[in-house]
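**Q** okay, structure incoming, though there's no sequence with it:
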């Protein structure tokens, strides 16, 4: 792809997100979402492989369906109540429909099946954009709309945590595992959104840091499945040594950074009188922890049988700068001691 075209697409991608973030009118927000969708489609299809084209078409159909539902719900709300403002949604039916449309855009369970399949057809750099930047605009709308039925949000969040862990158990492809990991993390954010929006922002920020470090690690290791990850010690020894720690941070184990949002969310759910939901969510998170531990075990403790050419690469010379990855990994591993400052910043 031409560098000039790439710059235009990335600029349009950022512009669409910023339009949605700064809008208070449903039509303007919808326009920002559409700009966002159409800007990423050429990035997804740039490989020209059948798998990439299939992923692009699936993504286009899903996002078009969600955008149509959102537009229909906003028009219905304007017809019923005379309000186009995002924060003035008053009728429960359009409000529930918009919540479902945004859940479809985000890939929340039970509307999640498209996300791992689309992610599997992309390279790691485009998959990183899809898993992080593309979540910002729908999340901003979910945070702006008035609280809808608590039962709906709790159901979406809990099913996402459950299906995100359950779906990743039998996977060997790293991109699908990261897809199911994303679904599980989004479930934690949706659970707490109506009770403590700052905790949702905290969980989203930590998720972006952890997921970005994991995507870039796999990109630099040139690993696409568990077997190729298990022989990455011949390519990048230091990065391979840090990978299990980042995976355990994704799983939410102390004393790593990933423990902070889960601990705060469970504490807030307990304060709201939702102790059974908090207990079931914590138990469901063990499913995700299982496949993180499986990846950590394959990376650090096993070497599968491979032919000689598979183990020949030694100490890959990176063509990309690694400073950003080093900062992300440092944040992924060492922010828990700063949790009082981090919590104060997000609850300010």
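**A** Right, received. Where do you want to start? None of the values given here were measured: they were computed from a predicted structure.

**Q** low-confidence ranges in this protein?
**A** 148, 304-320, 348 (pLDDT under 70).

**Q** identify the residue nearest residue 115 in space, chain neighbours excluded?
**A** Once flanking residues are discounted, residue 115 sits nearest to residue 107: 3.5 Å by C-beta to C-beta, 6 or more residues apart in numbering. Just so you know, the C-beta spots here come from the backbone N, C-alpha and C atoms, and that holds for glycine as well.

**Q** just to check, that neighbour is in contact with residue 183?
**A** Yes. Counting by C-beta atoms under 8 Å, residue 107 touches residue 183, with 6.0 Å between them.

**Q** joint contacts of those two?
**A** Contact criterion C-beta atoms under 8 Å, 6 or more residues apart in numbering; residues shared by residue 107 and residue 183: residue 115.

**Q** which non-adjacent residue is nearest residue 51?
**A** Take residue 51 and drop its neighbours on the chain: the residue closest to it by C-beta to C-beta, 6+ apart is residue 121, 4.3 Å away.

**Q** and the one you found, how close does it get to residue 39?
**A** Distance, residue 121 to residue 39, by C-beta to C-beta, to the nearest Å: 18 Å.

**Q** then residue 202?
**A** From residue 202 over to residue 39 (counting by C-beta to C-beta), the distance is 28 Å.

**Q** swap in residue 161?
**A** Distance of residue 161 to residue 39, computed by C-beta to C-beta: 30 Å.

**Q** between these two, which is the more surrounded one?
**A** Ranked by neighbour count (other C-beta atoms under 10 Å), residue 161 and residue 39 place residue 161 first, with 27 against 21.

**Q** what helix or strand is that one located in?
**A** Per DSSP states H and E, residue 161 falls inside helix 150-167.

**Q** next helix or strand past that helix?
**A** Assigned by DSSP H and E, the successor of helix 150-167 is helix 174-193.

**Q** next, count neighbours for the spatially closest residue to residue 275 that is not a sequence neighbour.
**A** Nearest residue to residue 275 in three dimensions, chain neighbours excluded: residue 269, at 7.4 Å (C-beta to C-beta, 6+ apart). If you count neighbours by other C-beta under 10 Å, residue 269 ends up with 25.

**Q** next secondary structure element downstream of the helix or strand residue 269 falls within?
**A** Element membership of residue 269 [criterion: DSSP H and E] is helix 259-271. Downstream of helix 259-271, the next assigned helix or strand under DSSP H and E is helix 275-300.
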